[in-house]
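Peer 1: I'd like to go over a predicted model; first the sequence, then the structure.
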Amino acid sequence: MSEQLDETLHFGKNWQQQLAEAFTTINDLCHYLHLSPDDLPVSKAAADDFPLRVPLSFAACMEKGNPYDPLLQQVLPVKAELFAYPGFNRDPVGDLPAATRTGVIHKYHGRVLFINTGSCAINCRYCFRRNFPYYDLQLSKQKEHAAIQYIQEDTGISEVILSGGDPLLLGDTRFAKLIRQLGSIKHLKRIRLHSRLPIVLPARITDELINTLVQSSKQIIFVVHCNHANEINTRVIAACKQLKNNGIALFNQSVLLKGVNDNVAALCELSEQLFTHGVIPYYLHILDKATGTGHFEVPEAEALVLIKHVQARLPGYLVPKLVKEKAGAMSKQYIL
Ligand SMILES: *Cc1c(COP(=O)(O)O)cnc(C)c1O
Ligand code: SF4
């Protein structure tokens, strides 16, 4: 079977079908990339703990035959995830108790995170949510009601951040209803989406979704999540363009990851590519110290040196803010 033909067929399908056809095993992904699992430090135990999940659109951006591909590093379950690194634990940000109770996390002034779903289209190995009991985070109708009521009752909230998991895994109808409900809350000024789907499953940016966003009475802000310039393919570019052309403010957040984007050239190229396609670099996050992610850590001192080099090369608007999360703090902690 020709791979070319296969992919053409796949990308002609809707986003739900593309999601259903995502890679879920180490063997299938390796086979597609012309790699042998025997030559890689893969771990079935790591995959049992946090499953492999990679849409073809993302895998198609990987270099065939390259075991060090920066996109592959982000999704391949490896033995290093099982090592215990000092200082890494299951809930480094301290979000868990808050999130499981009401579906909202209200830590920062004027903004709440609204946890819509615990799942994602892609499973990023470095994710701090990898240890969360996804089942508890699933948004029941009851919890959704409680979350909306919470936002309604606190007039100090001006911005709702739809997060997850990935909020765009909700279907168009359910998502539109949610946007309408939030739209009717007078004191809200903005609705922000934190989603990796325009990057990993760009087919999710449907006309219906765009209509929902455009018709909202609130300002819409879209923060995508892209870590490496190679993630930006023609489908991603089209999705970003569609959002941008409809007046939606587009930003990007990345995580600084060892072996993925921990060099000046990669960070500069990422910022350049994003901006070329209408996306403004917003945050570069220091890794949250979650169990299973220690091998991705870039020490803070090294991160500071890197971002200063980026700053020396690029205009200010292309330099993301280097930030870290601190449990109990009133905002992200700016490092530069
Ligand atoms: C990151 C984060 C936000 C958003 O912070 P901004 O600085 O406004 O981007 C809001 N709430 C929580 C709990 C967060 O972790
Ligand atoms: S898309 Fe975001 S929330 Fe989902 S696994 Fe990746 S880093 Fe985690």
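Peer 2: It's in. Ligands and ions are numbered 1, 2, ... in the order given.

Peer 1: hey, where'd the strands end up in the stretch 201-336 of the chain?
Peer 2: 219-225, 249-255, 280-285, 321-324, 333-334 (DSSP state E, counting those that start in this stretch).

Peer 1: Any idea which residue is closest to the centre of this protein?
Peer 2: Nearest to the geometric centre of the chain sits R196, at 3.8 Å (Cα atoms, centre = their mean).

Peer 1: can you pull the contacts of L257?
Peer 2: Contacts for L257 (Cβ atoms under 8 Å, 6 or more residues apart in numbering) come out as 73-74, 126, 227, 287, 296, 298. Backbone N, C-alpha and C define where each C-beta goes, glycine included.

Peer 1: So which of the residues you listed belong to helices?
Peer 2: Assigned to helices by DSSP state H, the following of the contacts of L257 qualify: 73-74.

Peer 1: So which bits of the stretch 1-150 of the chain are right by ligand 2?
Peer 2: Residues of the stretch 1-150 of the chain lying close to ligand 2 by Cβ under 6 Å from any ligand atom are 120, 122-124, 127, 129.

Peer 1: Could you rerun that using 8 Å?
Peer 2: Contact residues (Cβ under 8 Å from any ligand atom) of the stretch 1-150 of the chain with ligand 2: 119-124, 126-130.

Peer 1: re the thing from before, got the phi and psi for the residue nearest to the centre of the chain?
Peer 2: Note on R196: backbone dihedrals following degrees, to the nearest 10 are phi -100, psi 0.

Peer 1: Tell me how far the residue lying closest to it once chain neighbours are set aside lies from ligand 1.
Peer 2: Nearest non-adjacent residue to R196, counting by Cβ to Cβ, 6 or more residues apart in numbering: H225, 4.2 Å away. Going from H225 to ligand 1 by Cβ to the nearest ligand atom, to the nearest Å gives 12 Å.

Peer 1: What of L19?
Peer 2: 26 Å.

Peer 1: What sits closest to that residue if chain neighbours are left out?
Peer 2: Of all residues not flanking L19 in the chain, A121 sits nearest, at 5.7 Å (Cβ to Cβ, 6+ apart).

Peer 1: Shouldn't I161 be within a helix?
Peer 2: No: counting by DSSP: H, G, I helix; E, B strand; the rest coil, I161 is not part of a helix but strand.

Peer 1: Tell me how many other residues surround it.
Peer 2: The number of residues packed near I161 is 20, by other Cβ atoms under 10 Å.

Peer 1: ok, now D39?
Peer 2: Neighbourhood size, D39 [other Cβ under 10 Å]: 9.

Peer 1: Would you agree it is in contact with P67?
Peer 2: Yes: the pair D39 / P67 is scored as a contact, 6.7 Å apart, by Cβ atoms under 8 Å.

Peer 1: which of the contacts of L257 lies closest to E269?
Peer 2: For the contacts of L257, the minimum distance to E269 (Cβ to Cβ) is 11.6 Å, reached by N227.

Peer 1: quick one, what contacts the closest one?
Peer 2: Contact analysis of N227 by Cβ under 8 Å, 6+ apart lists 70, 74, 254-255, 257, 260-261, 270.

Peer 1: How many residues are close by the nearest residue to it once chain neighbours are set aside?
Peer 2: Once flanking residues are discounted, N227 sits nearest to S254: 4.7 Å by Cβ to Cβ, 6+ apart. S254 has 23 neighbouring residues, counting by other Cβ under 10 Å.

Peer 1: so S254 touches P320, yeah?
Peer 2: Yes: applying Cβ under 8 Å, one finds S254 in contact with P320, separated by 6.7 Å.

Peer 1: Now the common contact residues for those two.
Peer 2: 281, 283-284.

Peer 1: Give me the nearest residue to L76, chain neighbours excluded.
Peer 2: Nearest non-adjacent residue to L76 (Cβ to Cβ, 6+ apart): V42, at 6.3 Å.
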